[in-house]
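Novice: just need the structure, nothing else, for what follows:
(chains A, B, C and D)
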2 protein chains.
Amino acid sequence: MQYFLCLAEEKNVTRAARQLNIVQPALSMQISKLEAELGQKLFDRSVQGMTLTSAGEALVRLTAPIVRDAEYARQEMAQLGGRISGRVSVGLITSVAQSTMASSSATVASRYPEIALSACEGYTETLVDWVNTGQLDFALINVPRRKTPLAAHHVMDEEMVFACRKDCPIKPPAKLRFDHIANFDLVLPSKRHGLRLILDEHAAALGIDLRPRLELDTLPALCDVIATTDFATVLPTIALRQSLASGTIRAHRFDEQRVVRSIAWVHHPRRTVSVAAKAVLDVITHDLAQAAATAKEFVEPALRGANSSYRKARKTPRRKTRS
Amino acid sequence: MQYFLCLAEEKNVTRAARQLNIVQPALSMQISKLEAELGQKLFDRSVQGMTLTSAGEALVRLTAPIVRDAEYARQEMAQLGGRISGRVSVGLITSVAQSTMASSSATVASRYPEIALSACEGYTETLVDWVNTGQLDFALINVPRRKTPLAAHHVMDEEMVFACRKDCPIKPPAKLRFDHIANFDLVLPSKRHGLRLILDEHAAALGIDLRPRLELDTLPALCDVIATTDFATVLPTIALRQSLASGTIRAHRFDEQRVVRSIAWVHHPRRTVSVAAKAVLDVITHDLAQAAATAKEFVEPALRGANSSYRKARKTPRRKTRS
DNA sequence: CACCACAAATAATGATTGATTATAGAATTC
DNA sequence: GAATTCTATAATCAATCATTATTTGTGGTG
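Specialist: Residues are numbered from 1 along each chain as shown, chains lettered A, B, ... in the order given. Prediction:
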């Protein structure tokens, strides 16, 4: 039924199927089955797609409220939350885990005492794997360039910034370009890391060859290296948040040739996400947005507009320490 | 979801499951799965059944309109009928087939030109089998004493009456009892026939032993024998309709120890009946009721009350000849 | 207290559904 | 006329759901 409505909107089996996270023949079959069951044609087939017959239009009118009600019911039940329970296991890429889990796990524990949460950290690729096999209910990952078989939902975009020690001898120029980083000794995540892949791709597109002197996958360690040596790095802001807040390092936004990484949450396309899992997701994304917002305040040059003055207003931003 | 609402009403898994044409563990599993998905208990389990929690009540309020709308949508789509199409194959016990198919097939053909109808005749038992294997969309059968695995819906009850030649030498008494039939030479359907089973059971309950001199399963032939010889029989009225209308035989209602057979339509419990099939079913049941009504007019003694005078009003009832 | 009766839950197996890959057919477009 | 784009069909494979058989738990009864 969902299928039918989606197709009715898209008027194109292939596209609708993609949107529904299934393959085209599956949709074709379901639709023809539906038509057989109702004993009437719902679509007029043409080469530029499928268009509703009058019967199809009638069915849209009849079924639209149903899915609307169903969606509403789901949400209502989720909000009935005091008693939400269940086992929820999530996977997070390290940057997300580092910046959210301390606070998020506490929030979940207090707000949903009957949820048993299990969070694990891992590389995008392995997390996708865990989700696929059902070991994880969902995962927050870097959007992979390659198609995954999972249902993905965008969470946020985040800029990757240059970072080095506070009093680094080599000062980055005011208008920092990505290719300037060749002048620094770099410490970066290994190739197994999604962030590194993004950097490599970006560099390759600009004809640069990234050759870090050091490769480190554990972010706290990496930050520590930055803070205590003259190494520099390029990381998303939230990964640097702790160190930025403590004032040991500083971060510079690129003026052009910006690098952006996107975070998405993924789940098994044909397994419904429990309300408990959704609740956990909400908590984490909320904390993640929070973390990103505060982290962004430390990056130089300050963003133009309201944000900038806002940042200047408080030199020592408080941060939630809820763990 | 249907399951949930049904259980909410019944408050008893076993009974609800029976009503849903599934077995008890199936329902148990589905419900607990639903609870896991929503992360909250929907029922309080006790020994005298299951009672809704507040969350369960909330879900009832939320889902009841959905199934209502869905049911409404089904019906609407069915009524949008001009264009109903599809292949429909039905099975009918002989008595029903004889009295309806001539007219019903014509009606279906004219009213639903895009339905391809295939009707077959058979014994209750074999028809049930065909339905089970999916060779038939549904069947009209005698309600079997044994449980079938099919979903059954009552269609009509019908009296079985004594019948013999118009000028039979042995006149049946005014107040006919079932055990009187032992005085006649009987021709009855064979033991393979559902009607015969009903008669045998009825006879056994009364301590009578039915020993027909002749066994015939083809109803027209049987009627012919009745009309042309001194044999007598006991059959449901509609099976005798043709011969009664032509005046060659006469039928007598039993005064006591009545025999009633029930007709039901059955379909695969987990296969949805297409609207085309439903349309065909409607036509057949309508014609069947019609046939039963006209057939009843010929049976003696006339029924008391309104019916009786109605019958007397027209000695030569017209009958639809639509074939 | 053992025993039975009844209701629901669990486990193992089996059938049906639905998704997937691969492929074919029909209609445009270049 | 080859390539592209869209939908439909066929065969295979996985997951869901239902079934039978069995177990657990609770209350009534001799």
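Novice: can you tell me the SS state at whichever residue of the stretch 201-323 of chain A sits closest to DNA strand D?
Specialist: Nearest residue of the stretch 201-323 of chain A to DNA strand D, counting by Cβ to the nearest atom of the strand: A:Arg271, 5.6 Å away. All C-beta spots, glycine's among them, are computed from the backbone N, C-alpha and C. Each residue gets one of three states, and A:Arg271 gets coil by DSSP: H, G, I helix; E, B strand; the rest coil.
Novice: excluding chain neighbours, what is closest to it?
Specialist: Closest residue to A:Arg271 apart from its sequence neighbours, by Cβ to Cβ, 6 or more residues apart in numbering or on different chains: A:Gly134 at 7.1 Å.
Novice: pLDDT at the one you found, what is it?
Specialist: Reported pLDDT at A:Gly134 in the predicted model: 85.
Novice: swap in the one 4 residues further on?
Specialist: Model confidence at A:Phe138, expressed as pLDDT, equals 93.
Novice: residues near it, how many?
Specialist: Neighbour count for A:Phe138, taken as other Cβ atoms under 10 Å in any protein chain shown: 27.
Novice: just list whatever residues bridge to it.
Specialist: Beta-bridge pairing of A:Phe138 under DSSP bridges involves A:Val90.
Novice: mind checking how far it is from A:Leu199?
Specialist: Distance of A:Phe138 to A:Leu199, computed by Cβ to Cβ, to the nearest Å: 26 Å.
Novice: that older thread, the residue of the stretch 201-323 of chain A closest to DNA strand D and A:Thr133 touch, don't they?
Specialist: No. Contact criterion Cβ atoms under 8 Å: A:Arg271 and A:Thr133 do not qualify, at 11.1 Å.
Novice: so these two - more neighbours on which side?
Specialist: Neighbour comparison, A:Arg271 and A:Thr133: the larger count goes to A:Arg271, with 14 against 9 (by other Cβ under 10 Å).
Novice: any idea how far B:Phe254 is from that one?
Specialist: For A:Arg271, the distance to B:Phe254 - Cβ to Cβ - is 62 Å.
Novice: enumerate the residues of the stretch 101-250 of chain A near chain B.
Specialist: Residues of the stretch 101-250 of chain A lying near chain B by Cβ under 8 Å from any Cβ of the partner chain: A:Glu114, A:Ile115.
Novice: for DNA strand D, give me its nearest residue in the stretch 101-250 of chain A.
Specialist: A:Gly134 (7.8 Å).
Novice: can you count the residues close to that residue?
Specialist: 10.
Novice: equivalent analysis for A:Arg61, please.
Specialist: 11.
Novice: in three-state terms, label it for me.
Specialist: A:Arg61 is classified as helix under three-state DSSP.
Novice: how near is it to B:Tyr72?
Specialist: Between A:Arg61 and B:Tyr72 the computed distance is 11 Å (Cβ to Cβ).
Novice: check which residues of the helix or strand hosting A:Trp130 are buried.
Specialist: Element membership of A:Trp130 [criterion: DSSP states H and E] is helix A:124-133. Neighbour counts over helix A:124-133 (16 or more other Cβ atoms under 10 Å in any protein chain shown) mark A:Thr124, A:Glu125, A:Thr126, A:Leu127, A:Val128, A:Asp129, A:Trp130, A:Val131, A:Asn132 as buried.
Novice: tell me how far the closest residue to the fifth one other than its chain neighbours lies from A:Gln24.
Specialist: Computed as Cβ to Cβ, 6+ apart, the closest residue to A:Val128 that is not its neighbour in sequence is A:Thr148, at 5.3 Å. Distance, A:Thr148 to A:Gln24, by Cβ to Cβ: 18 Å.
Novice: the two - which one has more neighbours?
Specialist: A:Thr148 (18 against 14).
Novice: how near is the residue of chain A positioned farthest from its centre to DNA strand C?
Specialist: Computed with Cα atoms, centre = their mean, the maximum C-alpha offset from the centroid of chain A is found at A:Gly39, amounting to 43.7 Å. Between A:Gly39 and DNA strand C the distance is 17 Å, computed by Cβ to the nearest atom of the strand, to the nearest Å.
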